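Peer 1: give the three-dimensional model of this entry:
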Amino acid sequence: NTQMARQSTTTQWGPRVVVSPKSQLWQVISIFLLLLQRPFLPTTVTAMTYTPTNNQQCYTQGGAKKYHHMIVLVHGYLGNYREQEYYGEAILMESAKILNRKDDDSSTTTTTCPPKSPNNSHTFSILQSKANSRLVDTTDGIAKGGERLAIEIMEWMEEQINIIQEEEKSEEQSNTVMTLSFIGNSLGGLYSRYALTELDSIFTKENNKKKKVLPLIFCTTSSPHLGVSQETFIELPKWTEPYISKAFNQQTMDDLFGVHDSTVVMDMCSSYSDTKKNSQEEEKLPEKKDFLSPLQQFQKRIAVANAYNTDFLVSVTSGAFLSSNSDSLHHHQDSDVVASSSLRLMKSTEHVALQVVTVPEEITDNDNDENSTGSCVNVLDKLGWHKIFIDTRSILPQIFNREIPKLQPKPSYTSRELQNHFQQYGTWFPVAHPLNMANSKTDWYRYFTKSGQPI
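Peer 2: Sure thing, here's the model as predicted:
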């Protein structure tokens, strides 16, 4: 009883999200292979929608609400818009299952709609971002990539808003709630955080209430929130990092290593306001962006990171923004304990090592004063995050794996404790980076991750 339409695409459907697969020699070999890889770029339209059929009775009747969910998928370094293709398909498939879930106490099929309004309807529109799909687009820095992404999203959202307004032009008041969610993979997570500074105005209620957009979920998968300085698989001497970055001759590497006067990664842990400009000299300085307030507006923030050094490109410290200099508390979440709460957890599988949440706290001006990794971690944690630590060792070649003592169950852990545990080397075959979102950027990748399953 479901109807799924993928506009102007020919790809076969299937739920494909997985938890899938640093000596300097490894680094050189991997980078060389990445640079040689030629992305496969078919000409397909990126919009995807799911709409329940009439017999599901999940359309609006009377004053019921319509929900139009806009989801932006943002690929990473040297990627393309196909990178999260499986991810988008799985979102639609799993959403359809939720909306058409069978009642355990009945043999008949029933529709599960949002609470308090059994006649709500949901439409999903997914944008697989193309703003940085050319090879050179991911090499000119986080700022430029984020700005291109913001422009693309604004244009796409205007199209979505115009469609809704056209459908409801005869109605006195809009019944459609428009939501916006992000899923940024790897470098795409930083692009997404930067783009939010350009999109802040869309979250503000205007005279035309139909333009109100609800920031819903902001999710990153293996994103280097703290950059890569001192976070390579084999830790490099810090004095070598400027030379390594210079060899790449890319602004993106300067940004990630934090060298050659690039501070964008640390800047993105700051929230600035006009009230902090206390002198004429400060007024003349370039405008500093508020990176935290737009991110804070989302109903939920999720960070997925690969544990036990199974990810060659992004460490668990950077992916889950942990620090040995932070005592930020992370509260353990267990599916058996919070099954009845509003917190939706990953399915209990062998690939999910731990799930924790940080409690939202007020961010003060003092939190922005210290430009350090520990300060950055503390500020981000104060936004409130659901962090998911993935362990892919069971699907990696066992000959390369190492036994790690299990994490002792506790009600909560400090950032320091989590870093000390999860940064241990669990494998000498660290290929988990493309696996936690079933990377499908080429036909070869799509074949390699074809056995992916939602977790």
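Peer 1: name the helix or strand of the protein that has the lowest mean pLDDT.
Peer 2: Lowest on mean pLDDT, DSSP states H and E among the helices and strands of the chain sits strand 4-6, with a mean of 29.
Peer 1: low-confidence regions, the stretch 301-450 of the chain specifically.
Peer 2: By pLDDT under 70, the low-scoring segments of the stretch 301-450 of the chain are 335-344, 347-348, 365-371.
Peer 1: show me where it has strands.
Peer 2: Using DSSP state E, counting those that start in this stretch, the strands of the stretch 301-450 of the chain run over 329-332, 352-357, 386-390, 412-414.
Peer 1: mind listing the strands the first one pairs with, and their directions?
Peer 2: For strand 329-332, the pairing partners within the sheet under DSSP bridges are strand 352-357 (antiparallel), strand 412-414 (antiparallel).
Peer 1: please identify the deepest-packed of those.
Peer 2: strand 352-357 (a mean of 21; mean count of other Cβ atoms under 10 Å). (C-beta placed from N, C-alpha, C; glycine too.)
Peer 1: what sits up against that strand?
Peer 2: By Cβ atoms under 8 Å, 6 or more residues apart in numbering, the surrounding residues in contact with strand 352-357 are 19, 307-308, 330-334, 343, 345-346, 384-391, 407, 412-413, 418, 422, 455.
Peer 1: give the PyMOL command for selecting the buried subset of the residues you listed.
Peer 2: Here is the PyMOL command that picks out the buried ones among those, judged by 16 or more other Cβ atoms under 10 Å:
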select buried, resi 19+307+308+330+333+345+346+385+386+387+388+389+390+391+407+413+418+422+455
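Peer 1: right, and residue 145 touches residue 129 too?
Peer 2: No: using Cβ atoms under 8 Å, residue 145 is not in contact with residue 129, being 10.0 Å away.
Peer 1: who are the packing partners of the helix ranked longest in the chain?
Peer 2: Longest helix of the chain, by residue count under DSSP state H: helix 142-167. With contacts defined as 3 or more Cβ pairs under 8 Å, 6 or more residues apart in numbering; DSSP states H and E, the packing partners of helix 142-167 are strand 66-74, strand 121-128, strand 176-185, helix 187-199, helix 251-257, helix 264-267.
Peer 1: the ones you listed into JSON lines, with extra columns for mean pLDDT?
Peer 2: As requested, the helices and strands packed on helix 142-167 are arranged in JSON lines below (pLDDT from 0 to 100):
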{"stretch": "strand 66-74", "mean pLDDT": "93"}
{"stretch": "strand 121-128", "mean pLDDT": "90"}
{"stretch": "strand 176-185", "mean pLDDT": "93"}
{"stretch": "helix 187-199", "mean pLDDT": "94"}
{"stretch": "helix 251-257", "mean pLDDT": "92"}
{"stretch": "helix 264-267", "mean pLDDT": "92"}
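Peer 1: any idea which of the ones you listed gets closest to residue 325?
Peer 2: Closest approach to residue 325 among the helices and strands packed on helix 142-167 is made by helix 264-267 (13.9 Å; Cβ to Cβ).
Peer 1: contacts for that closest one, please.
Peer 2: Helix 264-267 is contacted by residues 141-143, 190, 194, 224-227, 255-256, 258, 288-289, 291, 371-373, 376 when judged by Cβ under 8 Å, 6+ apart.
Peer 1: tell me which residues in it are buried?
Peer 2: Under the neighbour-count criterion of 16+ other Cβ under 10 Å, helix 264-267 has 264-267 buried.
Peer 1: what's the closest non-adjacent residue to the most centrally placed residue in the chain?
Peer 2: Geometric centre of the chain, nearest residue: residue 220, 2.1 Å, by Cα atoms, centre = their mean. Spatial nearest neighbour of residue 220, chain neighbours left out: residue 189 (3.3 Å); criterion: Cβ to Cβ, 6 or more residues apart in numbering.
Peer 1: picking up where we left off before, from the buried residues of helix 264-267, pick the one nearest residue 445.
Peer 2: Among the buried residues of helix 264-267, residue 265 lies closest to residue 445 (Cβ to Cβ), at 27.2 Å.
Peer 1: for residue 381, see how far away that closest one is.
Peer 2: In this view, residue 265 and residue 381 are 16 Å apart by Cβ to Cβ, to the nearest Å.
Peer 1: need the buried residues of helix 264-267 in CSV (columns: distance to residue 353).
Peer 2: What follows is these, written out as CSV (distance: Cβ to Cβ, whole Å):
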residue, distance to residue 353
264, 30
265, 26
266, 28
267, 31
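Peer 1: with those in mind, which one is nearest to residue 436?
Peer 2: residue 265 (21.3 Å).
Peer 1: tell me which residues of stretch 395-403 are tucked away?
Peer 2: Buried residues in stretch 395-403, counted by 16+ other Cβ under 10 Å: 395-396, 401.
Peer 1: rebuild the helices and strands packed on helix 142-167 as CSV, extending it with distance to residue 317.
Peer 2: Below are the helices and strands packed on helix 142-167 laid out as CSV (distance: least, Cβ to Cβ, whole Å):
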stretch, distance to residue 317
strand 66-74, 22
strand 121-128, 29
strand 176-185, 18
helix 187-199, 15
helix 251-257, 14
helix 264-267, 13
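Peer 1: can you say which of these is packed in most?
Peer 2: helix 187-199 (a mean of 26).
Peer 1: strand 66-74 and that one, what's the angle between them?
Peer 2: 130 degrees (axes from the mean of the first three to the mean of the last three Cα atoms, to 10 degrees).
Peer 1: elements contacting helix 187-199?
Peer 2: Under the contact definition 3+ Cβ pairs under 8 Å, 6+ apart, helix 187-199 sits against strand 66-74, helix 142-167, strand 176-185, strand 213-221, helix 292-296.
Peer 1: mind running it again at 6 Å?
Peer 2: If you count contacts as 3 or more Cβ pairs under 6 Å, 6 or more residues apart in numbering; DSSP states H and E, helix 187-199 packs onto strand 66-74, helix 142-167.
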